[in-house]
Structure formats: structure tokens, C-alpha cells
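Student: Fold the following, please.
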Amino acid sequence: MTTPTRWYPDPAYRDDVHPGDPTSVRELDGLTVRKITVSAMNNCVYLLTCAATGEQLLIDAADDVDRLTGLVAEGSGRLDLVVTTHQHWDHTRALAVLLQRHPAPSAAGEDDADALPVPPTVRLRHGDVVTVGRARLDVIALRGHTPGSVALAYAEPGNRTHLFTGDSLFPGGVGNTTMPGQSFSSLYADVVERVFDRFGDDTWVYPGHGRDTALGVERPFLQEWRDRGW
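Tutor: Residues are numbered from 1 along each chain as shown. Predicted coordinates:
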């Protein structure tokens, strides 16, 4: 999928990255976003660095701990929090070793917490807030891909919102709900009510795999997603 130019955020930022590529860096107001992918499944890993304090939050320690350690070093070198968007193995393979190398608190959705390789320090609920330095990110529970999947929303001061959605929202639809214990109806309802009904079209979406998108690109297809059931 090619994102229409009018939604594209910054010519210097590349959302289409692959394992082995250089880190893609995007400077926001108050926060730097670094994006890489790891593993044969092209898992996206995001490092958020507070511009004011240098504190750093890593989203999804998916794989390749050496690459993740290098990513942390590309920023300020410190690691202050690791957030896991959901329990699936491909998003957690490097979590235990990364936390051994960089002891830091960790956080995950309350209903996924017990399935993680490392018990999280903080169990997140819908409406919670996590911080990285002076930046605040709202926790949005998006139930259905897993019971405890969470997204993080950063409201750039005076500008657009940035959503880190794990495997709950992608270009072209919501995440997979074909396995036992998953629920399309639950995920679709949460994505519509907690994301599309809350945020504007210029909201940028950073998913757990592949390219980014914007809510304005996806919004016209919500009824199509509902009709097809995936």
C-alpha cells in the first residue's frame, strides 16, 4: 500500500523498513521516534526518546537483542521503560534478555501480563497514562487480537496524534482474529469507538508489522471491514 502524499508525515522519515535497514528517525514536537524491524516476520520495534530529558521507551522487544541494544544506544543510551503491546511470541522473544542487559521497568496490558516471559512491572488498563520524560502517552485497550492488547497514543503539542497499535490496526484492516480466543467483533468495536471515533484523520498509525498509515486513509473502509468480518 502506498500512503497518499497528503498524509505522508516527513520526507526524511521512511515507514517502509526491513530487517538490516538503517533506523528510520522521525522528529516530533517533544519526542523522537525511531523505527526498525527485526526477524523474518518484520516485527516493528519503536524507540521513543523525550527531547527534553533523554528518557527512552521501547515498544515491543520482538527479537534480535543485539539490534535492540544498538537501537537504545542510537538514542540517549538509556532505557527507562519497555511496553509490550500484546502477548504473542513474535513480539516478546527478546524481552527477557533485553531487560537483563538494560534493567528497566516493563508494562503490558493487564489481561496479557501473565502470558509474558517476564512479569511486567506495571499492568496497564484502558485510560492509563505512561510517561517518557515529559511526554505522556494514553493507553488504549484494543481487545480482540489478544485479550490484553494495548495501543499508545501520543498527542503532539499543537499537531497530530501518533498511535502505536501493535497488531490491532494495520493499513487495510484490524489485526488477525481467526485463532481460538480471538474476536473480530470485539476488536472492530474497540478500534472504531476508541480510535476512529476519538481521533482525527491526520492521526498517524505505527503498526506492529509493515508500513504505517493514517486514520484518514483507513476511515472510508470501516464498513467494508465490518462486512467482510476481518
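
Student: ok, now how distant is residue 53 from residue 44?
Tutor: Applying Cβ to Cβ, to the nearest Å, the value for residue 53 to residue 44 is 24 Å. (C-beta placed from N, C-alpha, C; glycine too.)

Student: ok, how many other residues are close to residue 218?
Tutor: Residue 218 has 23 neighbours, counted by other Cβ atoms under 10 Å.

Student: Excluding chain neighbours, what is closest to it?
Tutor: Closest residue to residue 218 apart from its sequence neighbours, by Cβ to Cβ, 6 or more residues apart in numbering: residue 171 at 7.0 Å.

Student: Same check on residue 50?
Tutor: Among residues not flanking residue 50 along the chain, residue 133 sits closest, at 2.6 Å (Cβ to Cβ, 6+ apart).

Student: In this structure, which helix is the longest?
Tutor: helix 65-74 (DSSP state H).

Student: Hmm, residue 94 is touching residue 64, no?
Tutor: Yes. Using Cβ atoms under 8 Å, residue 94 is in contact with residue 64, at 6.4 Å.

Student: Looking at the two, which has the bigger crowd around it?
Tutor: Neighbour count, other Cβ under 10 Å: between residue 94 and residue 64, residue 94 has more, with 26 against 21.

Student: measure that one to residue 86 for me?
Tutor: According to Cβ to Cβ, residue 94 and residue 86 sit 15 Å apart.

Student: pLDDT wise, what is residue 160 at?
Tutor: pLDDT for residue 160: 89.
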